[in-house]
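**Student:** Below is the sequence, then the predicted model.
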Amino acid sequence: MKILSIQSAVAYGHVGNSAAVFPLQRIGVEVLPVYTVNFSNHTGYGTWRGPMISPDDVREVITGIEERGAFPQVDAVLSGYQGGEGIADVILDAVAAVKAANPDAIYACDPVMGNAKSGCFVAPAIPILLRDRVVPAADLITPNQFELGFLTGTEPDTLESTLASVDLVRATGPSVVLVTSVERPDREEGTIEMLAVDDAGAWIVQTPLLPMKANGSGDVSAALFTAHYLRTRDAADALARTTSSVFDLLERTHESGERELQLVESQEAYANPRMQFDVRQVR
């Protein structure tokens, strides 16, 4: 399996491609990483160094990959945080070119905008661009519950309203939806859930909610779910494997006391997930 992953990169820590590439490689996926920024660290620290890479330069790298004849073997294009407006056109053009070379390829988009606690943390034009142009071109998306609400103009909270919002976004284009950070008012205290929906049904999984914020965990979730779903086309299995791996990654990170994901130290959790959480079909 080959995934063309167009995302940010950091030297220190793990977000964007610096979070997604190694877990994918550890489960046997060949990754073609294309960087949209090359920062010293993620922006949550308040200061960082290094360049944002211009859309033209990103396009040049992708064109070079195409010239090597790689596109017929690419199974998916994966994108995450989009720093500026110009990068969307580059990604969508790459998706079109890959699908022309391999009609079975999919576009997996993590529509990063923000979260329920922080609100939107991207440039004001980005959420609208994602909603109107990028998400409709995607086959698989991995929004959190907050982002799902923006994409659909709804406020999902219960299981029923979240499923209804998923149906609305699926009607715009993507057939497979993974909703992360699902927080239902009636859930058991100290838990959090993820929900996966495709044509075959809908499944939910609940895990303990760890008292921490971990930049990059969404990038790992999007990457692993995409790869597992591509292999099996089984949303329940992909959800179970992704949840198991990401929870163990987060638990190890929490126990370490470190701010950055313990990505390398948790590699066995990707290669051999414990499958410790029950996945329940809800539709």
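**Tutor:** Received the coordinates, thanks. Residues are numbered from 1 along each chain as shown.

**Student:** Check the offset of stretch 156-167 from the chain's centre.
**Tutor:** 19 Å (C-alpha atoms, centre = their mean, to the nearest Å).

**Student:** Same question for stretch 36-43.
**Tutor:** 17 Å.

**Student:** First-to-last residue distance for that stretch?
**Tutor:** Stretch 36-43 has its terminal residues 14 Å apart, counting by C-alpha to C-alpha, to the nearest Å.

**Student:** again, but for stretch 76-84
**Tutor:** The first-to-last residue distance of stretch 76-84 comes to 22 Å (C-alpha to C-alpha).

**Student:** Okay, and residue 251 sits in which element?
**Tutor:** helix 235-256 (DSSP states H and E).

**Student:** Which residues does the worst-scoring helix or strand of the chain on mean pLDDT contact?
**Tutor:** Each helix and strand of the chain was given a mean pLDDT (mean pLDDT, DSSP states H and E); the minimum falls on strand 119-120 at a mean of 74. Residues from elsewhere that reach strand 119-120, judged by C-beta atoms under 8 Å, 6 or more residues apart in numbering: 113, 114, 127, 150. Every C-beta, even on glycine, is put in place using the N, C-alpha and C of the backbone.

**Student:** 7 Å instead?
**Tutor:** 113, 114, 127 (C-beta atoms under 7 Å, 6 or more residues apart in numbering).

**Student:** What is the burial count for the closest residue to the last one other than its chain neighbours?
**Tutor:** Once its chain neighbours are removed from consideration, residue 127 has its nearest residue in residue 113; the separation is 4.7 Å (C-beta to C-beta, 6 or more residues apart in numbering). Neighbourhood size, residue 113 [other C-beta atoms under 10 Å]: 22.

**Student:** From residue 38, how far out is residue 113?
**Tutor:** 23 Å (C-beta to C-beta, to the nearest Å).

**Student:** next one: residue 135
**Tutor:** 26 Å.

**Student:** about what we covered before: C-terminal to the least confident helix or strand of the chain, which secondary structure element comes first?
**Tutor:** Following strand 119-120 toward the C-terminus (DSSP H and E): helix 125-129.

**Student:** so for that next one, what's the average pLDDT?
**Tutor:** Averaging pLDDT along helix 125-129 gives 90.

**Student:** just to revisit the earlier point, now, which of the contacts of strand 119-120 sits nearest residue 142?
**Tutor:** residue 113 (12.2 Å; C-beta to C-beta).

**Student:** wait, the closest one sits on residue 150?
**Tutor:** Yes. Between residue 113 and residue 150 there is a contact under C-beta atoms under 7 Å: 6.0 Å.

**Student:** where do the contact lists of these two overlap?
**Tutor:** Joint contacts of residue 113 and residue 150 (C-beta under 7 Å, 6+ apart) are residue 127.

**Student:** Can you tell me the SS state at residue 206?
**Tutor:** At residue 206, secondary structure determined by DSSP: H, G, I helix; E, B strand; the rest coil is strand.

**Student:** For it, name its beta-bridge partners.
**Tutor:** residue 193 (DSSP bridges).

**Student:** about what we covered before: just the residues contacting the helix holding residue 251, thanks.
**Tutor:** With C-beta under 7 Å, 6+ apart, helix 235-256 has contacts from 176, 194, 196-198, 200, 203, 205, 207, 210, 212, 214, 217, 220-221, 224-225, 228-229, 232, 261-263, 265-266, 269-270, 273-277, 279.

**Student:** circling back to that earlier point, which one of residue 135 and residue 38 is surrounded by more residues?
**Tutor:** The residue with more neighbours, out of residue 135 and residue 38, is residue 135; 22 against 15, by other C-beta under 10 Å.
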